[in-house]
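K.L.:
Predicted model, plus sequence, below.
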Amino acid sequence: MTQSFQFSLLATDGAARRGEVSMPRGTIRTPAFMPVGTAGTVKAMYMDQVRDLGADIILGNTYHLMLRPGAERVARLGGLHEFARWPHPILTDSGGFQVMSLAQLRKLSEKGVTFKSHIDGVVHEMSPERSIEIQGLLGSDIQMQLDECVALPAERDVIERSMELSLRWADRCKIAFGDQPGRAMFGIVQGGDDEALRVRSAEALTGLDLKGYAVGGLAVGEPQPVMLAMLDAVCPALPQHKPRYLMGVGTPDDIVKSVQRGIDMFDCVMPTRAGRHGLAYTRHGKINLRNARHAEDSRPLDAESDCPAARDYSRAYLHHLVKAGEALGGMLLTWNNLSYYQSLMQGLRDAIEAGRLADHAAALAEGWARGDL
Ligand SMILES: Nc1cc(N)c2c(=O)[nH][nH]c(=O)c2c1
């Protein structure tokens, strides 16, 4: 077990990469999908289940955890790994993105962000330094810089000023992070939908010699071609031998196309949130179990799956649970969805190693297009 943070590039297939991130708490096989463990829990799942499905790392949301139960309290209780009984790597976001989407009365300045908690209305100030301090108190293995994700569409000068603010905050976060052996701080590439600004952001962050680089400001409603065009510009501008993390992405199709452009790590609430809303992700595409057509369908979601939620329960039963608002419905569909996402990632890792990613991607797309027979 390594005491440092190391990224190894094991194979490539075009721009796609098969790698490994080795950390004291474990190894992350890339391309990797990180289930979102918002407030110290991957909703509707036991942590052992999350691990058994193949997750090497989960994501924790700094915004939620700092408000409840509080970073200092989690630290007093032994840190997030002990608190949530997840001994493997944890990546935490900076909190800034959720401040802008969830908090009340947000104010952003050079100093950082000030906001009122959506839970109790208490006013919080989060500077780049405080964000890193909170993530350290949580015991986070991979900590994200505080950044600003500019809302699109926006004028170029607005995007440029926002990207430059995030660069200054990256520098402050690097200083605040200091030297935490075995842990890493990732910078976040911003720049909106402007390729030149994206490249400038990537090159400036590369100059900070960080352990890894995220691509932010995407998966915020832009069309997929815009997101992919930004990846085509950014990935070649990032170091080959450091991990690349695309924040908030995405659908299975988004993930495959982003892996083909050189992204190594992903997080997204889709598989867990969709599961709680009656939606199943399968190799035949999405199945909405709220639809009445499933009311007497005795077939499972996927008889060939090795996940009991996909293999052992009828669609009729799942439809009943979803319509009745039974907790087991969300539990089973979340289990199915995370199983499908992790099997998708394993298939991508295998295909890159074998040099057959293009064929594998085409076969996946054909299965989704064929739909649910
Ligand atoms: N889609 C996104 C999801 C996210 N969690 C983030 C983020 O945490 N920071 N910055 C971002 O730009 C961003 C984008």
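P.N.:
Right, received. Where do you want to start?

K.L.:
Only C-alpha atoms from now on, for both contacts and neighbour counts.
P.N.:
Fine.

K.L.:
Could you find the closest non-adjacent residue to the residue in the chain sticking out farthest from the centre?
P.N.:
Distance from the C-alpha centroid of the chain peaks at Glu296, with 35.8 Å (CA atoms, centre = their mean). Once flanking residues are discounted, Glu296 sits nearest to Ala316: 5.0 Å by CA to CA, 6 or more residues apart in numbering.

K.L.:
on that earlier part again, confirm that the residue farthest from the centre of the chain sits in a helix.
P.N.:
No - Glu296 is assigned coil when assessed by DSSP: H, G, I helix; E, B strand; the rest coil, not a helix.

K.L.:
quick one: it from Ser314, how far?
P.N.:
Per CA to CA, to the nearest Å, Glu296 is found 9 Å from Ser314.

K.L.:
Equivalent analysis for Leu167, please.
P.N.:
In terms of CA to CA, Leu167 sits 51 Å off from Ser314.

K.L.:
try Leu138
P.N.:
41 Å.

K.L.:
Near Gly121, how many residues? Count them for me, please.
P.N.:
By the measure other CA atoms under 10 Å, the count of residues near Gly121 is 12.

K.L.:
Is Ala351 in contact with Leu357, as I believe?
P.N.:
Yes - with contacts counted by CA atoms under 8 Å, Ala351 reaches Leu357, the gap being 4.8 Å.

K.L.:
And these two? Which one has more around it.
P.N.:
More neighbours surround Leu357 than the other of Ala351 and Leu357, with 23 against 19 (other CA under 10 Å).

K.L.:
That one touches Asp13, doesn't it?
P.N.:
Yes - the pair Leu357 and Asp13 passes the contact test of CA under 8 Å, sitting 6.8 Å apart.

K.L.:
got the contact list for Ser258?
P.N.:
228, 231 (CA atoms under 8 Å, 6 or more residues apart in numbering).

K.L.:
The helix or strand it falls within: what's the following helix or strand?
P.N.:
Using DSSP states H and E, the element containing Ser258 is helix 252-259. Under the assignment DSSP H and E, the closest C-terminal helix or strand after helix 252-259 is strand 265-267.

K.L.:
Quick check: buried residues in stretch 312-319?
P.N.:
For stretch 312-319, the neighbour count (16 or more other CA atoms under 10 Å) marks 313-319 as buried.

K.L.:
Out of the residues you listed, list just those in helices.
P.N.:
Secondary structure assignment by DSSP state H places 315-319 of those in helices.
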